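Chemist: Sequence unavailable; structure follows:
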C-alpha cells in the first residue's frame, strides 16, 4: 500500500491529461447549450391545477427575517456576555453573573429605556419564542451536566452532616418564603393562581442553591478540597436534588387538580424508581463496556437521545423536561471517562452559546421598570433580606449543631446563599406557569443576582475567602 506522500510523487510523475482545459470548457459549454435548447420547449406548457395546489408558497419576507434577528440576538448576547463576564471575573465575581446582567442590560430594563431603537433591533419581541426554544434546549442540556457533576461518593462520605445542613437550608427559607407569601400574594400573584400554589412556589424559590456556581466559586478560591468546601458541595448537591424534587411536585400540583397531582406524583416516583433500578445498571454496564473506546459520534448520538428521551418523559408526566435531564445526569457514573469526555465536549457549547440564549430570554422578560415606586423597591429589599436570612440562618444553625465552629458555620451559610443561574431557572418556570407576575419576577431576579454577588465579599467578611485550615469540630 502506498502512503499519501508516495501517491503525491506518483501523481507528480504522471503526464498531465492532454487537452484538459479544453475538455473542461467544452463540458461547461455543452451543459449550458443543452439548457438553452431545452428551455424553449417548455414555453407553451401550462402547469396543471393539482400541481399548483401543492406548490410551495413564496416565503414571507417578514418571517424570513426572524432568522436574521435570532442570529443578531445571539451574537449580541454572546459578545456582551463575554465582555461582562470578564469584567466580573476581574472584580472577583462569578462570570455567569456578568453574562446574566448582559442579557438584562440588552433588554427593556436598560438598553430599552435609554435607546429603545437599539434594544428593539438587537432583541425584538418577535424573536422571543424562538430564543425561548433555544434557551429550553440549553437548560435541558445544562441540567444534565449539573446532574453529571454530582459525586455520590462525596455525598455518602458526609451524608449525616450534609443532609442535616442541606435540609435545614431548605426548610428555614421555605418557611420564610411561605410567610412572605402572605404579604405578596394579593399584590404579585398571577391571575387565577391559588394561594397554595403561589405559597409553595415562593417557598421553593427561596430554597434553591446554585450548585454549579458554588462549585466555581470554591474552585476559584482553591477551597474545593478543604473540609469546608467539601461539606458545602455535598450539602448543596443534596439540597439541590431535594429542592428539584420538591419543585417537580409543586409544578405537577399547580398544573392540575389534586387527583391529577397525585397521579403525577405517582408517575414521577415510578419514573425515578425505573431510572434508578433499571436504567442505572444498564448505563453503568454500557459505559464500562465502552470506557476504553473513543467517544464516537454514534455514542454521542445515543447520549443525546437518552437525555432528550428522559426530558420528554418527565414533560409528558406533567413536570418540567429539565427534571428528566437532571435525573439522567445524576444516575450516570460520575467518574466514567466517556461521561467526562461527553461533558467536556458539551460544556463549552452549552455555556458559551446556549446559556446566553437563556440569559437573553431572562433579559427580555425582566422589566425592572415595573418596580415603579419606593414601595416596590422596599419589597424587593425585603425579599432579598428574607431569602438571605433564611438560607444563612438555617445553614448556620445546622452547621453549629453538627459540630462546626462559628467561622466555618458562617462561611457555609454564605456559600449556601449563592443562588445564581439555578434560581433563574426556577423563576422562569414560575413565570411560564403564570404563578408569579412579571413585577415579582423582576424582584426575584434582582434577589438572585444580589445574593450571588454578595458571596465573595461576605466570605472575606467572615474570614474564609481563601484556602483555610480544617475546622475544629465537636462530636456530632
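Modeler: Great, that's in hand. A quick note: this is a predicted structure, and the numbers were derived from the prediction, not measured.

Chemist: hmm, who's touching stretch 276-287?
Modeler: Identification of contacts with stretch 276-287 by CB atoms under 8 Å, 6 or more residues apart in numbering yields 328, 331-333, 336, 338-339. C-betas here are computed from N, CA, C, even on glycine.

Chemist: could you redo the last one with a cut-off of 6 Å?
Modeler: For stretch 276-287, the external contacting residues (CB atoms under 6 Å, 6 or more residues apart in numbering) are 331-333, 336, 338.

Chemist: Quick check on the residues you listed: which are buried?
Modeler: Among these, those buried by neighbour count (16 or more other CB atoms under 10 Å) are 331-333, 336, 338.

Chemist: Sort out which of the contacts of stretch 276-287 are in helices and list them.
Modeler: Those of the contacts of stretch 276-287 mapping onto helices are 331, 338, per DSSP state H.

Chemist: Greatest separation within the contacts of stretch 276-287: which pair is it?
Modeler: Within those, 331 and 338 form the most distant pair, 14.8 Å apart (CB to CB).

Chemist: SS state for the residue nearest the centre of the chain?
Modeler: In the chain, the residue lying closest to the centroid (CA atoms, centre = their mean) is residue 139, at 3.3 Å. Using DSSP: H, G, I helix; E, B strand; the rest coil, the three-state assignment for residue 139 comes out as helix.

Chemist: List the residues that contact it.
Modeler: Contacts of residue 139 (CB under 6 Å, 6+ apart): 322, 358, 425.

Chemist: Who wins on neighbours among those?
Modeler: With neighbours defined as other CB atoms under 10 Å, the most crowded of the contacts of residue 139 is residue 358; it has 27 neighbours.

Chemist: Let's verify that residue: helix, strand, or coil?
Modeler: Strictly by three-state DSSP, residue 358 counts as helix.

Chemist: The closest residue to it other than its chain neighbours: neighbour count?
Modeler: The shortest distance from residue 358 to any non-neighbouring residue, by CB to CB, 6 or more residues apart in numbering, is to residue 135 (3.9 Å). Residue 135 has 23 neighbouring residues, counting by other CB under 10 Å.

Chemist: Give me the distance between residue 135 and residue 378.
Modeler: Plainly put, residue 135 is 31 Å away from residue 378 if you go by CB to CB, to the nearest Å.

Chemist: What of residue 286?
Modeler: 55 Å.

Chemist: And those two? Which one has more around it.
Modeler: residue 286 (15 against 11).

Chemist: For residue 88, see how far away the more buried one is.
Modeler: From residue 286 to residue 88 the distance is 40 Å (CB to CB).

Chemist: Which secondary structure element of this protein has the lowest mean pLDDT?
Modeler: helix 49-53 (a mean of 48; mean pLDDT, DSSP states H and E).

Chemist: That one: what's the following helix or strand?
Modeler: Moving toward the C-terminus from helix 49-53, the next helix or strand (DSSP states H and E) is helix 61-90.

Chemist: Any idea how many residues pack against residue 83?
Modeler: Around residue 83 there are 13 residues (other CB under 10 Å).

Chemist: any idea which element the nearest residue to it once chain neighbours are set aside lies in?
Modeler: Spatial nearest neighbour of residue 83, chain neighbours left out: residue 102 (7.4 Å); criterion: CB to CB, 6+ apart. Per DSSP H and E: residue 102 is located in helix 95-105.

Chemist: as a whole number, average confidence for that helix?
Modeler: What helix 95-105 shows for mean pLDDT is 88.

Chemist: and that helix, what does it pack onto?
Modeler: helix 61-90, helix 355-365 (3 or more CB pairs under 6 Å, 6 or more residues apart in numbering; DSSP states H and E).
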